[in-house]
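Give the three-dimensional model of this entry:
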Amino acid sequence: MLADTLSRTRLHDTTFIIGGAALTALLAQVSVSVPGSPVPITGQSLGVIVAAAALGPLRGTAAQVLYLLLGAAGLPVFADGASGVDRILGATGGYLVGFVPAAFLVGLAARRGLDRRVWSALPLFVAGQLVVFAVGVPWLVTVARLDVAKALGVGFTPFIPGALIKAAIAGVLLPLAWRPKKQAGNP
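Here you go, the predicted model:
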């Protein structure tokens, strides 16, 4: 992971975790409403996959848990400055909760070097986005009491282009970030 190329202390780890949560919170403010859907298009999942790849499975997951805790505690870190436990328990909460397993799995794959080349990073980051949907859509079915077809129509299908764009952005950024490390002789 990129974070491992820097000196490792508990202070560094804590700073990285806070930074990962802050990145997700910042990108959550990039939000566009989707007509007919309770779920907005946001930059959050881009923050999740970039932080997870850079930090690895443990720190990346911790960053997303911190993000959820900050939002639950009332800090305006969710989309459009929202916060509160009710947001996590509401219709869009599954997407927020999905950030945790997505961060773990992307971080685990990054530990194996899959974030270092575009050809492996792009599918990895698409998979990370799909993990978020795999938690978010069933949650939407349950909480919003939608049938599966409707939930897919309002909670998945409209987000496919954005998910692919975010995966492409991360799929280019992470390999570029690794380039100076490779030139310096680091793996």
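
that's a helix at Lys150, yeah?
Yes. When DSSP: H, G, I helix; E, B strand; the rest coil is applied, Lys150 is found to be in a helix.

Sticking with Val172, tell me its helix or strand.
Assigned by DSSP states H and E, Val172 belongs to helix 160-183.

which residues in this protein form strands?
31-32, 41-42 (DSSP state E).

quick one: which of those strands is nearest Val118?
Closest to Val118 of the strands of the chain, according to CB to CB: strand 41-42, at 23.7 Å. C-beta: built from backbone N, CA, C; applies to glycine.

Now Ala63: closest residue in space, sequence neighbours ignored.
Among residues not flanking Ala63 along the chain, Gly20 sits closest, at 2.8 Å (CB to CB, 6 or more residues apart in numbering).

show me what contacts that neighbour?
Neighbouring residues of Gly20 by CB atoms under 8 Å, 6 or more residues apart in numbering: Gly47, Ala51, Ala52, Ala54, Leu55, Arg59, Gly60, Ala62, Ala63, Gln64, Leu66, Tyr67.

Let me see the contact set for the third one.
The neighbours of Ala52, taking CB under 8 Å, 6+ apart as the test, are 20, 60-61, 63-64, 102-107, 110, 128.

Quick one: the strands of the chain as CSV, columns for distance to Gly90 too.
Compiled in CSV, the strands of the chain are given as follows (distance: least, CB to CB, whole Å):
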stretch, distance to Gly90
strand 31-32, 15
strand 41-42, 15
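
if I look at Thr24, how far off is Gly56?
16 Å (CB to CB, to the nearest Å).

Just want to know which of the two has more residues nearby.
Per other CB atoms under 10 Å, whichever of Thr24 and Gly56 has more neighbours is Thr24, with 32 against 24.

so how many other residues sit close to the closest residue to that one other than its chain neighbours?
Nearest non-adjacent residue to Thr24, counting by CB to CB, 6+ apart: Gly47, 3.7 Å away. Neighbourhood size, Gly47 [other CB under 10 Å]: 27.

What residues does Gly47 make contact with?
Gly20, Leu23, Thr24, Ala25, Leu26, Leu27, Ala28 are the contacts of Gly47 under CB under 8 Å, 6+ apart.
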